[in-house]
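Novice: Below is the sequence, then the predicted model.
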Amino acid sequence: MLGGTFDPVHIGHLRSAVELCEALALDRVHLVVNRQPPHRATPGVSARDRLAMVAAGASDTPGLIVDDREIERDGPSYSLATLESLRAEYGEHARLVMAIGMDAFRHLAEWYRPEALFEQAHVVVIERPGSSFTPSAALTALIEPRRCDSIESLMVKPHGGFLHLPLPNPIKVSATELRERIDSGRSIRYLVPEAVERLIVQRGLYRHGGSAGR
């Protein structure tokens, strides 16, 4: 599971999903689009538009599944509820992984029932160069008893582990900068897949007075 607002989805998201799938030898990666993020403002672009962009970007990429379960669920998009849904779908013996970026990792101890996340899945943090920080005492207490030193030791069990995972080709792209570029009429070519750029233009997304908030 790789969740997010994907506002908009870009090559950094998609390349990370592909490399996550390869590095952990996963059968598939669910790209889960948040409807209502619990810890930040709801995006101005509708969840359906964001889902459409993810579908356009992922297209027929092997191993990537565009997942709308959080959009179909009422209330805040809690990761625990999503993991519980995936666990029910795949069974108690399946090895489930929730992948998060460093920005989300900083606040993991503040999430809804963070300890319970590990009862459903492993937590893997996708590392970026130069993104280290000093974790809080609460975050340290949450992750240290669960820390694994290798992919092999992580995958021994179906859930409960924690791992930092550097990816071979990290791509630093900012969704905030992309939104600003679109609104000011600057190019986003090669920062998002061509099909995503085409959809943004067709629907007038991220332009002042466009379809944001539909």
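Specialist: Yes, it's here. Numbering: from 1, shown residues only.

Novice: For D67, which residues count as its bridge partners?
Specialist: D67 forms beta bridges with V32, as assigned by DSSP bridges.

Novice: how far away is it from R73?
Specialist: Distance check for D67 against R73: by Cβ to Cβ, to the nearest Å, it reads 11 Å. Placement of C-beta: from N, CA and C, glycine included.

Novice: the more surrounded of these two?
Specialist: Taking D67 and R73 together and counting by other Cβ atoms under 10 Å, D67 has the greater number of neighbours (22 against 15).

Novice: pretty sure that one is touching N34, no?
Specialist: No - in this structure, D67 is not within contact of N34 by Cβ atoms under 8 Å, at 10.7 Å.

Novice: anything in contact with each of the two?
Specialist: Common neighbours of D67 and N34 (criterion: Cβ atoms under 8 Å, 6 or more residues apart in numbering): none identified.

Novice: Wasn't I100 part of a strand?
Specialist: Yes - I100 forms part of a strand when assessed by DSSP: H, G, I helix; E, B strand; the rest coil.

Novice: Now it: closest residue in space, sequence neighbours ignored.
Specialist: Once its chain neighbours are removed from consideration, I100 has its nearest residue in V125; the separation is 5.9 Å (Cβ to Cβ, 6 or more residues apart in numbering).

Novice: That neighbour: neighbour count?
Specialist: Residues near V125, counting by other Cβ under 10 Å, number 21.

Novice: I'd like to know which elements the helix or strand in which it is found is packed against.
Specialist: Secondary structure from DSSP states H and E places V125 in strand 122-127. Here strand 122-127 is seen to pack against helix 11-23, strand 97-101, helix 102-105, strand 162-166 when contacts are counted using 3 or more Cβ pairs under 8 Å, 6 or more residues apart in numbering; DSSP states H and E.

Novice: mean pLDDT lowest for which of those?
Specialist: Of all the helices and strands packed on strand 122-127, the minimum mean pLDDT falls on helix 102-105 (a mean of 91).

Novice: Give me the packing partners of it, helices and strands only.
Specialist: strand 122-127.

Novice: Would you pull up how far the strand it packs on lies from the middle of the chain?
Specialist: Computed by Cα atoms, centre = their mean, to the nearest Å, the separation of strand 122-127 from the middle of its chain amounts to 11 Å.

Novice: now what about it, what contacts it?
Specialist: Outside of strand 122-127, the residues that reach it under the criterion Cβ under 8 Å, 6+ apart are 16, 20, 24, 95-102, 105, 108, 117, 143, 146, 148, 154-155, 157, 159-167, 170.

Novice: now those: which count as buried?
Specialist: Buried positions within these, assessed by neighbour count (16 or more other Cβ atoms under 10 Å), are 16, 20, 24, 95-101, 105, 108, 117, 143, 146, 148, 154-155, 159-163, 165, 167, 170.

Novice: average pLDDT across stretch 171-185?
Specialist: For stretch 171-185, mean pLDDT is 95.

Novice: What residues of it count as buried?
Specialist: Of the residues in stretch 171-185, those buried by neighbour count under the rule 16+ other Cβ under 10 Å are A175, L178, R179, I182.
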